[in-house]
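Enquirer: Based on what follows, work out the 3D shape:
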Amino acid sequence: MRFNRFDFHFLSVVALLFSAALMLQGRSKKEIIPARLPLSQFPRDLGSWAGTDVSIDKETLDVLGPGDFLLRVYQNQLTPEPSVDLFVAYFPSQRAGDTIHSPKNCLPGAGWRAVDSRRITLSFPGAPSFPANRYLIARGEERELVVYWYQAHDRALASEYWAKFYLIADAIRMNRSDGSLIRLATPLMPRERVEDVDNRVFRLATQVVPLLNSYVPR
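Expert: The predicted structure is shown next:
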């Protein structure tokens, strides 16, 4: 992955803020860990979707670090379409260095390559729109659509750089460093239109997003 000049300057600012946050952390009172519902209580039935939990192996959990994680496969009971995976990773504290791992860095290690990547805007009734990352990935003959974003303190972001910036800013301002990654993924069937796959992910996201604030505190 190559960094442009903006990335370099941005990361330099983040590094300075991080240093300042560490100094303040040493002087501050105990970090605030907000109350919330555990992800295990996230509804398995969402409209016409029925969910089945998938266990996360120990090796992956060791990489993720301390946190609360949900990996669930949702199947639409009304149509014979492929399922959609929902993965939510919530970190109550990121001060000890257990920060959120970007999917775009993990996918190549699993053998996936990006065929198309872009920023999209997600909009749902009764809620402000927000940016997300949309990746069309391939591994051999397999194709998947992945949509993900970072969410914390009632703020949803696509950029991992801005997520780290606000992580530090909120640690200073709010004495909180909790945050989350929300990811949805679904396979593309042979000759399936990408537009139909986008709609499939969006339909499940419409059910998921309004519920997140109970599990990812504002």
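
Enquirer: CA atoms only: put stretch 74-81 into PDB for me.
Expert: Output of stretch 74-81 as PDB, limited to C-alpha atoms (Å, rounded to 0.1, in the frame of the first residue of the first chain):
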ATOM      1  CA  TYR A  74     -28.500 -13.900   8.000                       C
ATOM      2  CA  GLN A  75     -30.700 -15.600   5.400                       C
ATOM      3  CA  ASN A  76     -33.700 -14.000   3.900                       C
ATOM      4  CA  GLN A  77     -36.600 -16.300   4.500                       C
ATOM      5  CA  LEU A  78     -38.700 -14.800   1.600                       C
ATOM      6  CA  THR A  79     -36.300 -15.200  -1.300                       C
ATOM      7  CA  PRO A  80     -33.800 -18.000  -2.300                       C
ATOM      8  CA  GLU A  81     -30.900 -15.600  -2.400                       C
END
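
Enquirer: Buried residues, it. List them.
Expert: Residues 74, 76, 81 are the ones in stretch 74-81 that count as buried (16 or more other CB atoms under 10 Å). Where C-beta positions appear, they are placed from N, C-alpha and C, glycine not excepted.

Enquirer: State the pLDDT value of Arg191.
Expert: What the model reports for Arg191 is a pLDDT of 87.

Enquirer: distance of it from Val115?
Expert: According to CB to CB, to the nearest Å, Arg191 stands 16 Å off from Val115.

Enquirer: now Glu160
Expert: 20 Å.

Enquirer: Repeat that for Pro92.
Expert: 35 Å.

Enquirer: Let me see the ranges of the strands in the protein.
Expert: All strands of the chain, identified by DSSP state E, fall at 45-46, 49-53, 68-76, 84-91, 113-122, 130-139, 142-152, 155-157, 179-187.

Enquirer: For the second one, give me every contacting residue.
Expert: When contacts are taken as CB atoms under 8 Å, 6 or more residues apart in numbering, the neighbours of strand 49-53 outside the stretch itself are 43-45, 70-77, 84, 86, 204, 207.

Enquirer: and what of the first one?
Expert: In this structure, residues lying in contact with strand 45-46 by CB under 8 Å, 6+ apart are 51, 74, 204, 207-208.

Enquirer: With respect to Ile32, which of those residues is nearest?
Expert: Using CB to CB, Val208 comes nearest to Ile32 of the contacts of strand 45-46, at 25.8 Å.

Enquirer: quick revisit: please indicate which of the contacts of strand 49-53 are buried?
Expert: 70-74, 76, 84, 86, 204, 207.

Enquirer: I figured Pro187 hits Arg143, correct?
Expert: Yes - counting by CB atoms under 8 Å, Arg143 is a contact partner of Pro187 at 6.8 Å.

Enquirer: Compare neighbour counts for the two and give me the winner.
Expert: For Pro187 versus Arg143, neighbours defined as other CB atoms under 10 Å are more numerous around Arg143 (19 against 15).
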